[in-house]
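Chemist: Quick one: sequence plus predicted model below, questions after.
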Amino acid sequence: MLQTKLRLPPLPSVRDLVKLYRLRAIKQLSQNFLLDERITDKFVRAAGNVRDHYVCEVGPGPGSITRSIVKKAPKKLIVVEKDSRFVPSLELLQESCKPYTDMHIEVGDILTYNLEHGLIGAQNVPWHYDTLSPIHLIGNLPFSISTALIIKWLEHISQKSSAWTYGRTPMTLTFQKEVGERMIANNNEKQRCRLSVMCQLWCNVEYKFTIPGTAFVPKPDVDVAVVTLVPLKKPLIDIAFKTVEKVVRAIFNTRQKYCIRGIERLFPEPKQEKLSKTLLLLSEVKPTARPFQLTNEEFVRICYAYKCLCDEHPHLEEYDFRMPKAMLEDYMKKFQSCNP
Ligand code: SAM
C-alpha cells in the first residue's frame, strides 16, 4: 500500500534547477515561482485527495507545485506550460515518478489546450452524485490570464463540457488576493462585481488561504489568494452562459448607479424604458437597488426575465449597446420591422 506521501528519488532542488538552467522569470508570462515546499504542499492539500486521480496543472514552471502533486501519487498528471525552457526540469520529475504516475508534459497555451483530450479514460461521475469527478485542475496561475481562464472554464461548466463532461471537476487555483476576494464577495460587500456573480451562479467558491507576495521569486506587487471552486450539483441558473454574462456585465457597467441604468443598456432606444420597467416588474427587483446590492437570486430572476423578453421580441437578444454606429442602423431597421 502507498504511503500518504511518496518520497521521490533524490532530485536537485527546484531552486538549483532554476540556477542550473538559468531560468530567469519572464514578466510577460507572469512568472513568479513558489520555491518553498511547505507552501506548495499546503497548496496541493487544499485540492483534497488526488491519489489515483487525474490532475491537470496549469503553468508548472520549474515544477515545485508539480513535485507536491507527484508526492500524492495521482494516476495521471498533465502539465500545460507555455514556456518550453521548463521542459528539462519537468522531464527529470517525469522520469522519477514513472513507476506510479503517468506524467505528460504539454507545451502550449492553456487558453487553447483541449483539456478533454488529455483526460480520456477518467471515470465518469454523474453530476447529481455527491462524489466529485476524479479530476482536479490545479495551478498557480499567471495573473495575466487568470480571469480569462476562469470565465472560459465557467462557460464549460455551464455546458458540462471539456473537463466537466466527467462530472463535477473541482479547481484549486491562485488569483491576485483582490480577485480572490471578489470571487467570494456576497451582495452588499464592497468587492461584489461581475466575477462574484458569475462564479457563484455555477460554483461553490472558497477562499482557502493567502500566500504573501514575499513567498514568490521574483516577488509580485500583490499577495496571492488560493481559491477552490467546486461546481454546484444544480447550478443556480439554466440559461446560456453568454446571455447571463451579457446581462450581468450590463448591470455592473454602471456599478455606482441604480441597477435600472445598467438594465436599460440591454434594450434598443425606442423600447428601452418600457422593456426595462417590464423586466424589473417580472423579476421583482427594485429599480433603485445598486448592482452590488443584488443577490445571486435577484440576478437569476433578472436573467430569466430578460430571456422571456427575448423570446417575445425577435432580434432583441442580438442587441449590444456597444455596437458600432453603422451596424446599429441596420440592426434598428431589422428590430423595428419585427417589433413595431
Ligand atoms: N507553477 C510554478 C510555481 O508555482 O512556481 C510557476 C507559476 S507562474 C505564476 C505561472 C506559470 O504559467 C509560468 O511558468 C508561465 O510560463 C506559465 N504560463 C503563462 N502563460 C501561460 C499560458 N497561457 N498557458 C500555460 N502556461 C502559461
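Modeler: Nice, thanks for sending it over.
Chemist: any idea how far the nearest residue to Pro231 once chain neighbours are set aside lies from Thr131?
Modeler: Nearest residue to Pro231 in three dimensions, chain neighbours excluded: Arg168, at 4.3 Å (CB to CB, 6 or more residues apart in numbering). Just so you know, the C-beta spots here come from the backbone N, C-alpha and C atoms, and that holds for glycine as well. Separation of Arg168 from Thr131 (CB to CB, to the nearest Å): 8 Å.
Chemist: Neighbour count: these two, which is higher?
Modeler: The residue with more neighbours, out of Arg168 and Thr131, is Arg168; 23 against 10, by other CB atoms under 10 Å.
Chemist: The residue of the stretch 51-200 of the chain found nearest the ligand: how many residues sit nearby?
Modeler: The stretch 51-200 of the chain approaches the ligand most closely through Gly59 (2.2 Å), counting by CB to the nearest ligand atom. Around Gly59 sit 23 other residues, with neighbours defined as other CB under 10 Å.
Chemist: shouldn't it be in contact with Ile110?
Modeler: Yes. Assessed by CB atoms under 8 Å, Gly59 is found in contact with Ile110 at 7.1 Å.
Chemist: shared neighbours, those two?
Modeler: Shared contacts of Gly59 and Ile110, defined by CB atoms under 8 Å, 6 or more residues apart in numbering, are found at Val80, Lys82, Gly139.
Chemist: which of those are close to the ligand?
Modeler: For the ligand, the contacts drawn from these by CB under 6 Å from any ligand atom are Val80, Lys82.
Chemist: Let's have the shared contacts of Gly59 and Ile110 in CSV, adding neighbour count and pLDDT.
Modeler: Compiled in CSV, the shared contacts of Gly59 and Ile110 are given as follows (neighbours: other CB atoms under 10 Å; pLDDT from 0 to 100):
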residue, neighbour count, pLDDT
Val80, 22, 98
Lys82, 20, 97
Gly139, 22, 98
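Chemist: List the ones among the shared contacts of Gly59 and Ile110 that fall in strands.
Modeler: Val80, Gly139 (DSSP state E).
Chemist: just the strands in this structure please.
Modeler: Using DSSP E, strands in the chain cover 33-34, 54-58, 76-81, 102-107, 135-139, 171-176, 203-211, 216-217, 224-231.
Chemist: I'd like the average pLDDT over the first one.
Modeler: The average pLDDT for strand 33-34 rounds to 94.
Chemist: can you start the count at 313 instead of 1 from here on
Modeler: Done: numbering now begins at 313, and the last item shifts to strand 345-346.
Chemist: by contact count, what packs against it?
Modeler: helix 376-382, strand 528-529 (3 or more CB pairs under 8 Å, 6 or more residues apart in numbering; DSSP states H and E).
Chemist: Can you say which of the ones you listed is packed in most?
Modeler: helix 376-382 (a mean of 25; mean count of other CB atoms under 10 Å).
Chemist: got the CA coordinates for that helix in PDB?
Modeler: Taking Å, rounded to 0.1, in the frame of the first residue of the first chain, the C-alpha atoms of helix 376-382 are listed here in PDB:
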ATOM      1  CA  SER A 376       7.700  23.000  -7.500                       C
ATOM      2  CA  ILE A 377       3.900  22.500  -7.200                       C
ATOM      3  CA  THR A 378       4.300  19.600  -9.600                       C
ATOM      4  CA  ARG A 379       6.500  17.900  -7.100                       C
ATOM      5  CA  SER A 380       4.000  18.300  -4.300                       C
ATOM      6  CA  ILE A 381       1.300  16.900  -6.700                       C
ATOM      7  CA  VAL A 382       3.500  13.900  -7.600                       C
END
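Chemist: Quick one: name the residues of the stretch 363-512 of the chain near the ligand.
Modeler: 370-373, 376-377, 392-395, 421-423, 452, 454, 457.
Chemist: Report the two of these separated the most.
Modeler: Maximum pairwise distance in those, criterion CB to CB, is 22.9 Å, between Ser376 and Leu423.
Chemist: what's the most centrally placed residue in the chain in contact with, if anything?
Modeler: Nearest to the mean C-alpha position of the chain, by CA atoms, centre = their mean, lies Ile462 at 1.7 Å. The contact partners of Ile462, by CB under 8 Å, 6+ apart, come to Leu485, Phe487, Met495, Leu507, Cys511, Leu541.
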